[in-house]
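K.L.:
Give me coordinates for this.
(one chain, ligands or ions: 1)
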Amino acid sequence: MPKLWNQCTSLLKQDLSDSEFNTWIMPLQASEEGSRLRLFAPNRFVKDWVKQHYEQRIASLCIGVSEGRIEHVSFEIGTSRRAEQGSGDGTTADRAGSAGAQGDLEQRRSESGLNRSFNFETFVEGKSNQIARAASIQIGQNPGTAYNPLFVYGGVGLGKTHLMHAIGNSILDANQEARVIYVHSERFVSDMIRALQHNEIDRFKKRYRRVNVLLIDDVQFFAGKDRSQEEFFHTFNALFEAQQQIVLSSDRFPKEVSGLEERLRSRFGWGLTVAIEPPDLETRVAILHSKATLLGTELPDEVAFFVAKRVRSNIRELEGALRRLAANSRFLGVPISVDFAKDALRDMLVAQDKQVSIENIQKAVAAHYKIRVNDLLSASRSRSIARPRQVAMSLAKELTKHSLPEIGKAFGGRDHSTVIHAARKIAELRASDTLIEEDYKILLRTLQS
Ligand SMILES: Nc1ncnc2c1ncn2[C@@H]1O[C@H](COP(=O)(O)OP(=O)(O)OP(=O)(O)O)[C@@H](O)[C@H]1O
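P.N.:
Below is the predicted model:
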């Protein structure tokens, strides 16, 4: 490990909380190459996280400490030893399953692509995620036999990835020898393409078909990628028949993932399908407190409520707000208060306020058609209510990141298929009826301005 990196890590240690330092900085290895410092993360997850959250800080520290000798810091996946041997970008999944003899749990975890800080203890339970969490715990305890596959779906940044890692971690905690792979669908696709290019497709097939637990994130990325779907279909069948656990996540219900072959879509629904909904205010507050404890930050109750009320989009953004508060407060040496939060998060709060919510859409549509918001939520089927309701649902589908079940629920507890029908109907009418087209455009302008 280069001396320079050791100096940088001691400075980073003073700057970060213990949990941040241990989770994200400790696993990094470094090697110097001319004016470049190469940092290696054990898996893509750590690499992406470090890049997103610490890249600037690490780069300016290393450049400063080296007194200009280092001009550039790069982030890669693998180990510095492999880099020195000239073997390039070693992937963790490549090595999954091969480290059994080493018996080292943390090593196994990183080889499996798992982040140990995403576990059930750090996952806050709320009404919005209760079922998904319970099913995941069961799978962690009885992989392959509880539900297979488990399909978790929900909007962006609501905890799907966290739960998948928690399942993998709990399985490894109970049995170090379990062969677990967590992989993002995009990664599955790129690994497959690389294997095809290098004539290593048999190795690729073996690697994925011999696992005990396959956790595949964001399967909507398979859309339109026929060769990958074909390969994944066979992997799925092999694992399913051997009663090995498959866990899948997506931003939407299996049947709604467009661009996927029907045979895959139907298989995705064979086991248990669970939704993660956006958390309510109390859960958002509880998550903020839990994350603040992990960061070692003092977060007064009134600030947690203030932030949770204003940042409603998703948990990733909520966490981003907390990190910013923690960093600013540490940097300025000022305790976190509501006024401090208003100031530090000003731009974020403005952006949040601008985001189109289902509630805003309902208000705008009701005002436009001179009806009441309650009419939109009612059971009324009269044309003067049903058509604006369809317009509103269609706008919600177009302008928000909510899933179809979430939209249906916000319109008086309707089914996701009602939302699909509404969106189709409005698309047809917009093409044939200039009045509807005009209404829709006005509403779009109003909501997006
Ligand atoms: N219930 C929860 N308790 C604690 N932290 C949570 C919870 N839900 C989500 N988070 C945190 O929110 C962040 C985003 O979660 P995650 O990455 O799992 O979202 P996702 O649903 O997979 O999003 P995407 O669709 O973008 O992949 C993570 O840092 C995660 O730890």
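K.L.:
switch to C-alpha atoms for all contacts and neighbour counts from now on
P.N.:
OK.
K.L.:
Gln29 is in contact with Phe40, isn't it?
P.N.:
Yes: the pair Gln29 and Phe40 passes the contact test of Cα atoms under 8 Å, sitting 5.0 Å apart.
K.L.:
More neighbours: which of those two?
P.N.:
Legend: neighbour count by other Cα atoms under 10 Å for Gln29 and Phe40, higher for Phe40 (26 against 21).
K.L.:
the longest helix in the protein is where?
P.N.:
helix 44-65 (DSSP state H).
K.L.:
which parts of the host helix or strand of Ile420 are buried?
P.N.:
In this assignment (DSSP states H and E), Ile420 forms part of helix 416-432. Judged by neighbour count (16 or more other Cα atoms under 10 Å), helix 416-432 contains these buried residues: His416, Thr418, Val419, Ile420, Ala422, Ala423, Ile426, Arg430.
K.L.:
neighbouring contacts of that helix?
P.N.:
Where contact means Cα atoms under 8 Å, 6 or more residues apart in numbering, the residues beyond helix 416-432 that reach it are 390-391, 393-394, 397, 404-408, 436-437, 440.
K.L.:
Try it again at 7 Å.
P.N.:
Applying Cα atoms under 7 Å, 6 or more residues apart in numbering, the contact partners of helix 416-432 are Gln390, Val391, Met393, Ser394, Leu404, Pro405, Gly408, Ile436, Glu437.
K.L.:
Keep only those of those that are in strands.
P.N.:
Using DSSP state E, no member of those falls within strands.
K.L.:
In TSV, list those along with distance to the ligand.
P.N.:
As requested, these are exported to TSV (distance: Cα to the nearest ligand atom, whole Å):
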residue	distance to the ligand
Gln390	26
Val391	26
Met393	22
Ser394	22
Leu404	15
Pro405	15
Gly408	20
Ile436	33
Glu437	32
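K.L.:
So what's the residue count around Leu399?
P.N.:
Using other Cα under 10 Å, Leu399 has 17 other residues around it.
K.L.:
Check Arg194 too.
P.N.:
Arg194 is flanked by 14 other residues according to other Cα under 10 Å.
K.L.:
tell me which residues in stretch 261-276 are buried?
P.N.:
The neighbour-count check on stretch 261-276 (16+ other Cα under 10 Å) flags Glu261, Leu264, Arg265, Arg267, Phe268, Gly269, Leu272, Thr273, Val274, Ala275, Ile276 as buried.
K.L.:
ranges for the helices of the stretch 51-200 of the chain?
P.N.:
80-84, 92-95, 105-111, 130-141, 160-174, 185-197 (DSSP state H, counting those that start in this stretch).
K.L.:
Columns distance to Gln244 on top of these, output as JSON lines?
P.N.:
Converted to JSON lines, the helices of the stretch 51-200 of the chain look like this (distance: least, Cα to Cα, whole Å):
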{"stretch": "helix 80-84", "distance to Gln244": "32"}
{"stretch": "helix 92-95", "distance to Gln244": "17"}
{"stretch": "helix 105-111", "distance to Gln244": "18"}
{"stretch": "helix 130-141", "distance to Gln244": "11"}
{"stretch": "helix 160-174", "distance to Gln244": "12"}
{"stretch": "helix 185-197", "distance to Gln244": "18"}
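K.L.:
Point out the most buried one among those.
P.N.:
helix 160-174 (a mean of 23; mean count of other Cα atoms under 10 Å).
K.L.:
so it versus helix 130-141, what angle?
P.N.:
Using axes from the mean of the first three to the mean of the last three Cα atoms, to 10 degrees, the inter-axis angle of helix 160-174 relative to helix 130-141 is 30 degrees.
K.L.:
near the ligand, anything from helix 160-174?
P.N.:
Yes: Helix 160-174 reaches the ligand (Cα under 6 Å from any ligand atom) through Lys160, Thr161, His162.
K.L.:
Specify the beta-bridge partners of the nearest residue to the second one once chain neighbours are set aside.
P.N.:
Excluding the flanking residues, the one nearest Thr161 by Cα to Cα, 6 or more residues apart in numbering is Asp217, at 6.7 Å. With DSSP bridges applied, Asp217 shows beta-bridge pairing to His184.
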